[in-house]
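**Q** Sequence and computational prediction follow.
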Amino acid sequence: MKRNYVKIGVDEAGRWPWFWPVVAAALAFNPNSPVPEGLFSSLKDSKALSPKVREGIFHQLVALASSENPSVFFGVGTCDNFLIDEIGIKKANREAMRRALEEIVRKLPGELEINAVVIDGNDGYQFQETVGREAVSVVRGDAKIPEISGASIIAKTFRDKLVDAYAPLYPHLGLETHKGYGVKKHADALCDPSKVTWAHRKSYAPVQAALSRKPKLLLHVCCGPDATVPIMDLKDQYDLLCFWYDPNIQPKDEYDRRLEAFKKVCEIEGVPFIEGDYDVAEFLSEIRGLEHTPEKGEKCSKCYDMRLRKTAELAESLGIRRFSSTLNNSPHKDLSKMFSLGEKNALERNLEFLKIAFRKNGGFDRSVQYTKKHGIYRQNYCGCVFSETFPKPGAEIPEGEWRG
Ligand code: SF4
């Protein structure tokens, strides 16, 4: 029987990015079925072709391989990010190539004999067990040998399509704009462990760096005393940013006094904060018509909702996925109402609200001890002029019972 010889070219795509699989392709031309004129001259290093041209050649190669008398044979192999993390990219790359070779060998008709296996790069990979002969590594082979160029186009286009399918799930990473290499934008986006996805290669240094960072948390603060325990308990676990937003507090000198108490806690604990606007008019419009409803009733729901909404908006604008509020700490607040309003605002922005009952397990007593120790001002009415214990004109503000 007459024997014909084929050369198999092998290349890979996705060795350098920080996510998703490495993809290898092996490709050979059928000596018994000529390819269309002009195909060889269009085969170049896949990276030197525009995405549009590359995709056009990809479809042409796939069509030629799918015809009744194929003029092209190819095989594809992949290794996912989990295997890459387990065995390292060099071995995973070899395994993807071995899988691609295994597929192409199955496709080659019996009369074709492999007389060369050429691999892009200088890794010196060998696949004797799969192809029965020694492979040759060729540096820049994808620009010199049509079989390697074709393999590189198949591997790169196929991998790009996988990334395109995956990228819309994680728009903050902008994966579609850097399929081939890690870029600063991607590193910046991995500012928090919560941004690392299942498809990231967790053995890669930029991903490891992101995982070792503390997750960010935006903490809405309603007053200094209520901030003490949450800040102490959360700051070791989270990269904490406090947000003072309490336009419900009246009059202005009382607002300033509470704000100073909060700033003192931040200074003692060494945590940064953002000071929100004193939107009294917005607050009054929020509770209009409900001013004389009882505390913990509808007026207070609106008041919580406004402050939690602003916190969620700020978290979203800063790219912080989690937020919570110290409103949880006061025994005078309705915990379950607060949790449901926090969750509602989180859901509307695809964020997470941390439902932590800071006042439980001795939290309230710890905050009292802390404020005594550090001389932190404790208020004795909730905040607005409609609070049940708001001091009447001319009345002395009673010392004693604290209202947060
Ligand atoms: S009583 Fe307190 S929680 Fe209720 S609306 Fe006034 S400031 Fe807000």
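**A** Looks like it arrived, so ask away.
**Q** which helices and strands does the strand or helix carrying residue 369 pack with?
**A** Element membership of residue 369 [criterion: DSSP states H and E] is helix 363-374. Judged by 3 or more CB pairs under 8 Å, 6 or more residues apart in numbering; DSSP states H and E, helix 363-374 is in contact with helix 224-234, helix 252-269. Every C-beta, even on glycine, is put in place using the N, C-alpha and C of the backbone.
**Q** Those helices into JSON lines, with extra columns for mean neighbour count?
**A** Putting the helices and strands packed on helix 363-374 into JSON lines (neighbours: other CB atoms under 10 Å) gives the following:
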{"stretch": "helix 224-234", "mean neighbour count": "25"}
{"stretch": "helix 252-269", "mean neighbour count": "17"}
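**Q** what's the closest of the ones you listed to the ligand?
**A** Proximity to the ligand, assessed across these by CB to the nearest ligand atom, is greatest for helix 252-269 (11.1 Å).
**Q** who touches residue 180 in this structure?
**A** 13-14, 16-17, 47 (CB atoms under 8 Å, 6 or more residues apart in numbering).
**Q** Can you say which two of these are spatially most distant?
**A** 17 and 47 (13.3 Å; CB to CB).
**Q** So these two - more neighbours on which side?
**A** residue 17 (23 against 13; other CB atoms under 10 Å).
**Q** pLDDT at that one, what is it?
**A** Looking at residue 17, its pLDDT stands at 92.
**Q** residues in contact with it?
**A** Going by CB under 8 Å, 6+ apart, the list of residues near residue 17 reads 178-182, 201.
**Q** possible to save those as TSV with secondary structure and distance to residue 138?
**A** Shown next, in TSV, are the contacts of residue 17 (DSSP: H, G, I helix; E, B strand; the rest coil; distance: CB to CB, whole Å):
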residue	secondary structure	distance to residue 138
178	coil	27
179	coil	24
180	coil	20
181	coil	22
182	coil	26
201	coil	27
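**Q** Walking through the stretch 201-350 of the chain, point out its helices one by one.
**A** With DSSP state H, counting those that start in this stretch as the criterion, the stretch 201-350 of the chain has helices at 205-212, 224-234, 252-269, 280-286, 298-318, 335-348.
**Q** Check this protein and tell me which residue is nearest its centre.
**A** Centroid-nearest residue in the chain, with CA atoms, centre = their mean: residue 195, separated by 2.1 Å.
**Q** Next up, the contacts around that residue.
**A** Per CB under 8 Å, 6+ apart, neighbours of residue 195: 172-173, 189, 210.
**Q** I'd like to know which of those residues is nearest to the ligand.
**A** residue 172 (34.0 Å).
**Q** Without its sequence neighbours, what residue ends up closest to the closest one?
**A** If the residues on either side of it in the chain are set aside, residue 172 comes closest to residue 189, at 5.4 Å by CB to CB, 6 or more residues apart in numbering.
**Q** The one you found: neighbour count?
**A** 19.
**Q** didn't it look like it was pressed against residue 175?
**A** No: with contacts counted by CB atoms under 8 Å, residue 189 stays clear of residue 175, the gap being 9.5 Å.
**Q** ok so, going back, out of the contacts of residue 17, which is most surrounded?
**A** For those, neighbours tallied by other CB under 10 Å; top is residue 201, 24 neighbours.
**Q** Check what pLDDT it gets.
**A** 96.
**Q** any idea how far it is from residue 82?
**A** 9 Å (CB to CB, to the nearest Å).
**Q** And for the nearest residue to residue 206 once chain neighbours are set aside, the neighbour number?
**A** Leaving out its chain neighbours, the residue that sits closest to residue 206 by CB to CB, 6+ apart is residue 187, at 5.1 Å. Each residue near residue 187 was counted by other CB under 10 Å, and the total is 15.
**Q** Secondary structure element for residue 187, which one?
**A** Per DSSP H and E: helix 184-189 holds residue 187.
**Q** What helices and strands are in contact with that helix?
**A** Going by 3+ CB pairs under 8 Å, 6+ apart, helix 184-189 lies up against no helix or strand.
**Q** Show me how far that helix is from its chain's centre.
**A** 10 Å (CA atoms, centre = their mean, to the nearest Å).
**Q** so for it, what's the average pLDDT?
**A** On average, helix 184-189 scores 82.
**Q** can I get the CA coordinates of stretch 323-333 in CSV?
**A** C-alpha atoms of stretch 323-333 as CSV (Å, rounded to 0.1, in the frame of the first residue of the first chain):
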residue,chain,number,x,y,z
PHE,A,323,-21.7,46.7,53.4
SER,A,324,-23.2,46.7,56.8
SER,A,325,-24.4,49.3,59.4
THR,A,326,-23.8,50.0,63.1
LEU,A,327,-27.5,50.7,63.4
ASN,A,328,-27.5,47.0,64.4
ASN,A,329,-25.8,47.8,67.7
SER,A,330,-28.5,49.9,69.4
PRO,A,331,-31.0,48.0,71.6
HIS,A,332,-33.5,50.8,70.6
LYS,A,333,-33.4,49.7,66.9
